[in-house]
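Engineer: I need the structure of the sequence given here:
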Amino acid sequence: NGLVWSIGEAYVPKSDYAPYITPAPTPLPTPEITATPEPSPTPIPPTQTPIPPTETPVPPTNTPVPPTETPIPTNTQAPAKPPTVIIIPGITASWNTNALMQCQPGDNGGTWTYLPVVAKNLYAVSEQALIHAGYTVLHFPYDWRIPVSQNADKLAQFIADKVNNDNVYLLGHSMGGLIARSYGEKYHTNSTVKKILTVGAPFEGSVNAYYTWSGGEFLGDLVSKFYATLLLSRCTQFKLKTGADAIHTFIPSIADLLPTFPYLIDKQTGTLIPIPSMQAQSTLTKDSSYQNPYFSITTGSLLGSGQQTAKTITVTVPKKKTSIWDDGQPVRTNAIDYSVDGDGTVLVQSAQINGNTLSTQVHTHSELMTDPESVQTIVSFFQGNSRQNRTFSVESLQSTRPYEDVTPALLSFVGYPMKFIVFPPHGAPVADTNGMVELENPEDGNYRILIQPTDPRSTLSIGSIDSSGDISWKSHDFHTVFPRIMHFHLKK
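Structural biologist: A predicted model of the protein is given here:
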């Protein structure tokens, strides 16, 4: 109004700020420019001297002119497109807050992407190596809750919609390897896929899956267990009675990971329980003739060994009648017998296929995607014997931070349905990516979270993995659509 500046409820008199406002300078008058008259040109008299004609005759030329040859066009072809490599990640590496936090089976909207920090780091090394070697790289995050065969169909649609290339390679890690193989078995007769490499794929299942399917407990890598704990707690709270019920209803793909070889030992008899007599049986269908080459597809498998990997589980009849442990409850002490003939998650006998094993390396399930030796093997498999291969050196990728198999301390924020920003004790704020923020090696102190709910009922879950591997989650419910600020104090 020309008198005061207002900031919220604070009013500042003009007399307080007027002395600090520099007045605009007075414009100087523009001088008039007088045009200088140009002198009139002096006329030039015409030249009167005539030019005599040239009378020297030009002799005729007798040298014959050679005929002009028509050049033959060169058949120049455009350089071939580099092959496209599609990386298919393992279970729980893909995330969709909208679908997962609703505890509803099927497609619930939203977008499947990588976990913003942990999963991206796991697959970044191989991605950069392949790009450096001249390949185009795409990723196929997927709904890992649904059966493998359904994701193979979704992969086929992804290739048809997203890949404009007649030379496609598949790189499948863990469950992603099962999807790649299932795709090859279903679509090999009419496909642009030329090579399939599986890494640590549990073709004959993983013993850890019994705990998940029959008991609702996640074993294996810490990150999968971390996020599965959140999902199961949410689903059992609102939907079902036990974690096993939630697995059977919302994550039926776990049945595709059950072992096809005998692995349960009856404590009373000390013998292995035959698979046909068990309730928990693998639902994954496979072509027994799958090996290299599979029709027109070159196939290979990369395996890990030298790690303590579950081989058998000793079970007994549950003391109480329950809906879990249909085939026997693991004994309380020393239930699992381990073998070093595996990568810590998948046994070599489960991941290998006769005539298909490319290499067996002393690495963990995660290191198979990040270790320089493994990455070199991956790139070399796709390059084959081509003379046009680019020189590849793992040392050139040292700027890419490798994935740490032993997960560092992790702080995670999962909000649905909402947008939010996390303000750490120090450093820049971090906005959510698809409803999630991950912070590795978080510092102690007070964290502020600015929340903007998009529905009258929303939840923010905050979880942590400490340096000893302990997991904790706490959820906060909101019943408003107005912005909120909440505080979270982390003390390790």
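
Engineer: show me where the stretch 51-200 of the chain has strands.
Structural biologist: For the stretch 51-200 of the chain, the strands defined by DSSP state E, counting those that start in this stretch occupy 84-88, 94-95, 113-114, 136-139, 168-173, 193-199.

Engineer: Reformat those strands as a markdown table; add mean neighbour count.
Structural biologist: Every C-beta, even on glycine, is put in place using the N, C-alpha and C of the backbone. Below are those laid out as a markdown table (neighbours: other Cβ atoms under 10 Å):
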| stretch | mean neighbour count |
| --- | --- |
| strand 84-88 | 25 |
| strand 94-95 | 24 |
| strand 113-114 | 20 |
| strand 136-139 | 18 |
| strand 168-173 | 26 |
| strand 193-199 | 24 |
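
Engineer: Minimum distance to residue 151: which of those has it?
Structural biologist: Nearest to residue 151, of all the strands of the stretch 51-200 of the chain, is strand 84-88, at 8.5 Å by Cβ to Cβ.

Engineer: So which residues of the stretch 101-250 of the chain form helices?
Structural biologist: 118-132, 148-162, 175-187, 208-215, 222-238, 243-250 (DSSP state H, counting those that start in this stretch).

Engineer: re the thing from before, so which of the strands of the stretch 51-200 of the chain is nearest residue 412?
Structural biologist: Judged by Cβ to Cβ, the one of the strands of the stretch 51-200 of the chain that comes nearest to residue 412 is strand 94-95, at 10.4 Å.

Engineer: strands paired with that closest one, and their directions?
Structural biologist: strand 113-114 (antiparallel) (DSSP bridges).

Engineer: Tell me how far residue 489 lies from residue 462.
Structural biologist: 11 Å (Cβ to Cβ, to the nearest Å).

Engineer: and if you look at residue 85?
Structural biologist: 36 Å.

Engineer: re the thing from before, which one's more surrounded, residue 489 and residue 462?
Structural biologist: Using other Cβ atoms under 10 Å as the criterion, residue 489 and residue 462 rank with residue 462 on top: 21 against 9.

Engineer: which residues sit in contact with the more buried one?
Structural biologist: By Cβ atoms under 8 Å, 6 or more residues apart in numbering, the residues touching residue 462 are 411-414, 473-476, 488.

Engineer: could the residues you listed go into TSV alongside distance to residue 299, pLDDT and neighbour count?
Structural biologist: Listed next are those as TSV, based on distance: Cβ to Cβ, whole Å; pLDDT from 0 to 100; neighbours: other Cβ atoms under 10 Å:
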residue	distance to residue 299	pLDDT	neighbour count
411	40	95	21
412	36	96	24
413	41	97	22
414	37	97	26
473	40	95	16
474	46	94	10
475	44	93	14
476	48	94	15
488	48	95	17
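
Engineer: which one of these sits closest to residue 458?
Structural biologist: Closest to residue 458, out of all of the contacts of residue 462 and judged by Cβ to Cβ, is residue 476, at 9.3 Å.

Engineer: what about the residue nearest to residue 224 when sequence neighbours are not counted, distance to residue 251?
Structural biologist: Spatially, and ignoring its direct neighbours in sequence, residue 224 is nearest to residue 92 (4.2 Å; Cβ to Cβ, 6 or more residues apart in numbering). Separation of residue 92 from residue 251 (Cβ to Cβ): 10 Å.

Engineer: what do those two both touch?
Structural biologist: Common neighbours of residue 92 and residue 251, using Cβ under 8 Å, 6+ apart, are residue 144.

Engineer: By mean pLDDT, show me the worst of the helices of the stretch 101-250 of the chain.
Structural biologist: For those, mean pLDDT drops lowest on helix 222-238, to a mean of 85.

Engineer: Whatever helix or strand residue 461 lives in to helix 222-238, inter-axis angle?
Structural biologist: Following DSSP states H and E, one finds residue 461 within strand 458-465. On the basis of axes from the mean of the first three to the mean of the last three Cα atoms, to 10 degrees, strand 458-465 is oriented at 140 degrees to helix 222-238.

Engineer: for the helix or strand just after strand 458-465, the distance to its chain's centre please.
Structural biologist: Once the chain leaves strand 458-465, the next helix or strand it forms, by DSSP H and E, is strand 471-478. Offset of strand 471-478 from its chain centre (Cα atoms, centre = their mean, to the nearest Å): 25 Å.

Engineer: Return the helix or strand following strand 471-478 as PDB; C-alpha atoms alone will do.
Structural biologist: Going down the chain from strand 471-478, the next helix or strand is strand 484-490, by DSSP H and E. Only the C-alpha atoms of strand 484-490 are listed here, as PDB (Å, rounded to 0.1, in the frame of the first residue of the first chain):
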ATOM      1  CA  ARG A 484       3.100 -31.900   8.800                       C
ATOM      2  CA  ILE A 485       6.600 -31.800  10.200                       C
ATOM      3  CA  MET A 486       7.700 -34.700  12.300                       C
ATOM      4  CA  HIS A 487      10.900 -35.400  14.100                       C
ATOM      5  CA  PHE A 488      12.900 -38.600  14.300                       C
ATOM      6  CA  HIS A 489      15.900 -39.100  16.500                       C
ATOM      7  CA  LEU A 490      18.500 -41.700  15.500                       C
END
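
Engineer: looking at the sheet around the most centrally placed residue in the chain, what are its partners?
Structural biologist: The centroid of the chain falls nearest to residue 114 when counting by Cα atoms, centre = their mean (3.7 Å). Here residue 114 sits in beta bridges with residue 94, as judged by DSSP bridges.

Engineer: hang on, it packs against residue 120?
Structural biologist: Yes: with contact defined as Cβ atoms under 8 Å, residue 114 reaches residue 120; the gap is 4.9 Å.

Engineer: shared neighbours of those two, which are they?
Structural biologist: By Cβ under 8 Å, 6+ apart, no residue touches both residue 114 and residue 120.

Engineer: Point out where the stretch 251-400 of the chain drops to low pLDDT.
Structural biologist: Where the stretch 251-400 of the chain drops to pLDDT under 70, the residues are 385-400.

Engineer: quick one, strands of it?
Structural biologist: So, for the stretch 251-400 of the chain - with DSSP E, counting those that start in this stretch - the strands run 264-266, 298-304, 309-316, 329-330, 336-339, 357-361.

Engineer: What lies in contact with the third one?
Structural biologist: Same thing as strand 309-316. With contacts defined as Cβ under 8 Å, 6+ apart, strand 309-316 is touched by 206-208, 210-211, 219, 263-268, 272-273, 325, 327-331, 334-347.

Engineer: Just the buried ones from these?
Structural biologist: 206-208, 210-211, 219, 263-265, 273, 325, 327-330, 335-336, 339, 342-347 (16 or more other Cβ atoms under 10 Å).

Engineer: tally of neighbours for residue 318?
Structural biologist: Count around residue 318 with other Cβ under 10 Å applied: 12.

Engineer: err, residue 247, not the other one
Structural biologist: A total of 28 residues lie near residue 247 under the criterion other Cβ under 10 Å.

Engineer: centre of the chain versus stretch 274-287, how much separation?
Structural biologist: 30 Å.

Engineer: Residue 307 is in contact with residue 364, correct?
Structural biologist: Yes: with contact defined as Cβ under 8 Å, residue 364 counts as touching residue 307 (5.4 Å).

Engineer: Adjacent strands (with direction) for the strand holding residue 461?
Structural biologist: Strand 458-465 has these partner strands in its sheet, going by DSSP bridges: strand 410-416 (antiparallel), strand 471-478 (antiparallel).

Engineer: so the shortest one versus strand 484-490, what angle?
Structural biologist: Angle, strand 410-416 to strand 484-490, by the same axes, to 10 degrees: 160 degrees.

Engineer: What's the first helix or strand after strand 410-416?
Structural biologist: strand 418-423.
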